[in-house]
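Visitor: Structure, please.
(2 chains)
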Amino acid sequence: MLARVADNLFWMGRYIERSEHIARYLSVNYFSSLDAPNDLSQSRQFVLRSMLFMVGEPQLYESKDIIEEEVLFNIGLNPNAAYSILNNVKNVRENANSARDLISTGLYESINKFYHFIINYDPAVLVKNGLHDFTTNVTEMTAVLRGKIRGTLLHNEAYAIIMMGVNIERATQIIRMINAKYRDALEAQGSYGDKFSNSFEWTTLLKCAESYDMMRRLYKKPPNSISTLEFLILNPNCPRSIMNSLNQVYKHIRDLDTSKHYNKNATAFLVGKVRSEYEYKHIEEIEGDIQSFIEDILSSLVQISTKMEKEYFNY
Amino acid sequence: MTKIKNQIFSSYLRNPSLYDEIYDKDGNVKEVYKKLFDLYGEHSIEDYANLNVKAKSSFFNQGITFQVYSNKKSQEKIFPFDLFPRIIDPEEWDSIERGAIQRSKALNLFLWDIYHEKKIIKQGLIPMELISSSGNYLHQMMGVDPPGDIYNHISGIDIIKHNDGNYYVLEDNIRCPSGVSYVICNRTALKRALFGVFNHYQTHTVTDYAENLLELLETTKPHGVDIPISVVITPGMYNSAYYEHSYLAKTMGVELVEGRDLFVENDFVYMKTIRGPQKVDIIYRRIDDLFIDPLEFRPDSSLGVPGLFAAYKKGNVTIANAPGTGVADDKAVYTYMPEIIRYYLDEEPILNNVHTYHCNRPDELKYVLDNIHQLVIKPVDEAGGYGISIGNRLTKEEIEEVKRQLKSNPRKYVAQPIMSLSVHPTYIDSNESFEQRHIDLRVFTVLGKDKEFVLKGGLTRVALKKGNLIVNSSQGGGSKDTWVLKK
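Guide: Below you'll find the model as predicted:
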């Protein structure tokens, strides 16, 4: 496979995954704030600021008076905001276009439909009453795309590279969410009846990761800081967890690099190293210093991505 | 004008001065179209309009679109498609097929000759200046032997039916003829929308193009290569024919590369893969000659591969079509096709040529200037239907302008009698009815070493604007599925 095309497929996977998480973060936060148990979590400014933090928009974030319509438009459909869902989906299609000969007709057709749905979505509707409809469509269509990737592509190198993109991005987005919600929980501390460890924000976080139901099923108790972080970071059976994403990345890099003993400079070596670090961690180690954990894992993911670029996408 | 009784064709107006493909002179539906006519007639116009919308959205969703550039903005459009197919009976097809192969082979021999001994010129059959003044003649190709001795692997021959009922070739496209992917898409769309009609006709498949193309390309592999690696090279995804490039690569199962994916080392060509360099033996290029190698041709080209031409001259890589083929699809060379066929093949041409006036000959230029209203004036080196003037459509001012251009640069133009393209019933959206529209046919041939292939179908292009004779997609043309019936 061409190195350039591999690069594009990797990013196609990343942008698919990114669109989904941004969309869900938007809708879950917005709708759960409407009847949140404490005043701060119910405050619109608080929620909008959290959304801006999640997508990494510093300028608006600093502003005192955030306008709801502006935030929803920027994150949903603003063609001039690099982080907008619109631009993510454009990038999905652009990357898919360059690999059109490699991917299945079915996958391309779904991507194309997704793209046309987004570019034809009326921004006025989105900011007025379309948020639920818009974000539900985005999350469903990304699920369709992953289904087509899994169900129609050859499970070969191209598949491995797309799935590495998907899983590296998933881990990244889950950490960004943890980071954003961790800050929210700190901020919400002390407002009516809300302690950090039992904050309402942990429920929101789990819903953002589409993991709330399954977490309740496993723990059979309302989520607190420890159980939420444990589930989302270390539980290998939670498909959204960091651990699961790292396992997936490891599985797919081994399809690319079939050597028995990895060269110490190989991507596969690094992935294995990062993965085993988290395999043998317990949550108390992390919970004590969440901030360092977030910085460490983000930097490891960036390193993996950079290594892949050097080893496979060199053109 | 006569009206016809049949639900869907009830409003079909037949202009008797045009050659209608589905009616005979007496206004009866031709035998071969009878069944189709009845089957379509069972639909109401609403039904049909509905099918039409569905077929279009299927094209759009699949991203079978091309970019149109206007006002500096590019727009994504589907290639308009008509659900009423064109049928070609086996006898007619037989002569088209043999004629197309004959022309392709003759052109191949002609190219060899003009890039080697130039016998045809030495014998005075073709003037030297015709070749040397052509913008598509590449002196770099002199004495180069292309692998497998093939120059024009892929040819797209544009044929029309005149109102005398005979086929005429309008031009031979042997640079990068496009459109073959639409032949297959049209068939797929028609099968989806109206699968029942296929039960009543024995139609040749068109889905075997890619496999034959790859097989024949591989017969022209460079010397010493065992199992050749082929690629398709594209200018990139913003090219208007990108869909076709990706379609061809996908159906041949080969990589679709851009110039930046390839490099040349020691006169061999490699592509940059995730496993490092891999040697490339055959390049089906969809990039024009002057852009393929910045070291040899246009130095500002970023689409090509530096050193590619040197590798080609050494015989280490096959380029299809070979550089420099454009000299033979020049509209001025076209006019010598009967002589070219007789000279190289010692055969009579199977397909007719349209009589052509050469504006570089003073007496013919005079005739053209005096008779512009009866002629089509074409620049010899423009593709895509650009720059064509149709004499009887011009205003007085426009005629003066054309005359001025002819006088200032006569070599640039040829003129032909206005051919009356046959018409075919075509569904017109805005009027919700079938109307007569002019059509042509592009036939695709592939030449390999001692082997050839003609796609049994071809692209029927239709001029959707009423009365328009120019069928190119860039000029508002659409297309129809084309059925070649089995014997």
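Visitor: Show me which residues of the stretch 151-300 of chain B are close to chain A?
Guide: Residues of the stretch 151-300 of chain B that fall close to chain A, judged by Cβ under 8 Å from any Cβ of the partner chain: B:232, B:237, B:242-243, B:246-247, B:249-250, B:255-258, B:260-261, B:271-274. C-beta coordinates here come from the backbone N, C-alpha and C atoms, glycine included.
Visitor: rerun at 10 Å
Guide: B:231-232, B:234, B:236-238, B:242-243, B:245-258, B:260-263, B:271-278 (Cβ under 10 Å from any Cβ of the partner chain).
Visitor: Show only the entries of these found in strands.
Guide: Among those, the members found in strands (DSSP state E) are B:231-232, B:255-257, B:262-263, B:271-273, B:276-278.
Visitor: Highest neighbour count among those?
Guide: When neighbours are counted by other Cβ atoms under 10 Å in any protein chain shown, B:Leu256 leads these with 27 neighbours.
Visitor: Save the ones in strands among the residues of the stretch 151-300 of chain B next to chain A as CSV, and put in pLDDT and distance to B:Phe444 too.
Guide: Output for these, formatted as CSV (pLDDT from 0 to 100; distance: Cβ to Cβ, whole Å):
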residue, pLDDT, distance to B:Phe444
B:Val231, 98, 20
B:Val232, 98, 15
B:Glu255, 96, 22
B:Leu256, 97, 19
B:Val257, 97, 22
B:Leu262, 97, 26
B:Phe263, 97, 31
B:Met271, 97, 27
B:Lys272, 96, 31
B:Thr273, 96, 30
B:Gly276, 93, 36
B:Pro277, 96, 33
B:Gln278, 97, 29
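Visitor: give the contact list for the closest residue to B:Ala49 other than its chain neighbours.
Guide: Nearest non-adjacent residue to B:Ala49, counting by Cβ to Cβ, 6 or more residues apart in numbering or on different chains: B:Glu432, 6.0 Å away. Neighbouring residues of B:Glu432 by Cβ atoms under 10 Å, 6 or more residues apart in numbering or on different chains: B:Ser11, B:Ile45, B:Glu46, B:Tyr48, B:Ala49, B:Asn52.
Visitor: Okay, and which of these map to helices?
Guide: Counted as lying in helices by DSSP state H, out of the contacts of B:Glu432, are B:Ile45, B:Glu46, B:Tyr48, B:Ala49, B:Asn52.
Visitor: B:Tyr312 touches B:Ile292, doesn't it?
Guide: Yes - applying Cβ atoms under 10 Å, one finds B:Tyr312 in contact with B:Ile292, separated by 8.7 Å.
Visitor: residues near A:Lys307, how many?
Guide: Neighbour count of A:Lys307, defined by other Cβ under 10 Å: 18.
Visitor: err, B:His373, not the other one
Guide: When neighbours are defined as other Cβ under 10 Å, B:His373 has 12 of them.
Visitor: pretty sure it belongs to a helix, no?
Guide: Yes - when DSSP: H, G, I helix; E, B strand; the rest coil is applied, B:His373 is found to be in a helix.
Visitor: Please name the nearest non-neighbouring residue to it.
Guide: Of all residues not flanking B:His373 in the chain, B:Gly391 sits nearest, at 4.5 Å (Cβ to Cβ, 6+ apart).
Visitor: so what's the one you found up against?
Guide: Residues in contact with B:Gly391 (Cβ under 10 Å, 6+ apart) are B:368, B:371-377, B:398-399, B:402, B:415, B:417-418.
Visitor: quick one: which of those is nearest to B:Ile120?
Guide: Closest approach between these and B:Ile120, by Cβ to Cβ: B:Ala415, at 23.9 Å.
Visitor: Got phi/psi on that closest one?
Guide: Backbone torsions of B:Ala415, given as degrees, to the nearest 10, read phi -130, psi 150.
Visitor: what bridges to it?
Guide: B:Tyr357, B:Ile377 (DSSP bridges).
Visitor: Could you name the helices and strands sitting against the worst-scoring helix or strand of chain A on mean pLDDT?
Guide: Every helix and strand of chain A was ranked by mean pLDDT, DSSP states H and E. The lowest is helix A:58-62, at a mean of 76. For helix A:58-62, the elements it packs on are helix A:44-55, helix A:68-76, judged by 3 or more Cβ pairs under 10 Å, 6 or more residues apart in numbering or on different chains; DSSP states H and E.
Visitor: quick revisit: what's the farthest-apart pair in the contacts of B:Gly391?
Guide: Taking Cβ to Cβ, the two most distant members of these are B:Glu398 and B:Pro417; they sit 19.0 Å apart.
Visitor: May I have stretch B:339-350 exported as PDB, CA atoms only?
Guide: Output in PDB follows, covering the C-alpha atoms of stretch B:339-350 (Å, rounded to 0.1, in the frame of the first residue of the first chain):
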ATOM      1  CA  GLU B 339      -4.600   7.200 -46.600                       C
ATOM      2  CA  ILE B 340      -3.000   6.100 -43.300                       C
ATOM      3  CA  ILE B 341      -5.200   2.900 -43.100                       C
ATOM      4  CA  ARG B 342      -4.500   2.000 -46.700                       C
ATOM      5  CA  TYR B 343      -0.800   2.700 -46.400                       C
ATOM      6  CA  TYR B 344       0.000   0.600 -43.300                       C
ATOM      7  CA  LEU B 345      -2.600  -2.100 -43.400                       C
ATOM      8  CA  ASP B 346      -3.300  -2.400 -47.100                       C
ATOM      9  CA  GLU B 347      -7.000  -2.400 -46.400                       C
ATOM     10  CA  GLU B 348      -9.900  -0.200 -47.300                       C
ATOM     11  CA  PRO B 349     -11.200   1.800 -44.300                       C
ATOM     12  CA  ILE B 350     -14.200   0.100 -42.700                       C
END
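Visitor: Same question for it: list its buried residues.
Guide: The neighbour-count check on stretch B:339-350 (16 or more other Cβ atoms under 10 Å in any protein chain shown) flags B:Glu339, B:Ile340, B:Ile341, B:Tyr343, B:Tyr344, B:Pro349, B:Ile350 as buried.
Visitor: Now do that stretch, average pLDDT.
Guide: Summarised as a single mean, pLDDT over stretch B:339-350 is 97.
Visitor: which residues are contacting it?
Guide: Residues outside stretch B:339-350 that contact it (Cβ under 10 Å, 6+ apart) are B:94-103, B:105-110, B:112-113, B:119-120, B:123, B:125-126, B:167, B:169, B:328, B:333-334, B:336-338, B:351, B:353.
Visitor: Next, B:Leu214: secondary structure please.
Guide: Taking three-state DSSP, the label given to B:Leu214 is helix.
Visitor: Which residue is the nearest non-sequential neighbour of it?
Guide: In this structure, B:Leu214 finds its nearest non-sequential neighbour in B:Met252, 4.4 Å apart by Cβ to Cβ, 6+ apart.
Visitor: so what's that neighbour up against?
Guide: Contact analysis of B:Met252 by Cβ under 10 Å, 6+ apart lists A:101, B:209-215, B:217, B:230-232, B:284.
Visitor: same deal with B:Pro277?
Guide: Shown in contact with B:Pro277 (Cβ under 10 Å, 6+ apart): A:Ala3, B:Leu262, B:Phe263, B:Glu265, B:Phe268, B:Val269, B:Tyr270, B:Met271.
Visitor: same thing with A:Glu210?
Guide: Counting by Cβ under 10 Å, 6+ apart, A:Glu210 touches A:Glu20, A:His21, A:Arg24, A:Val28, A:Thr139, A:Ala143, A:Pro239, A:Arg240.
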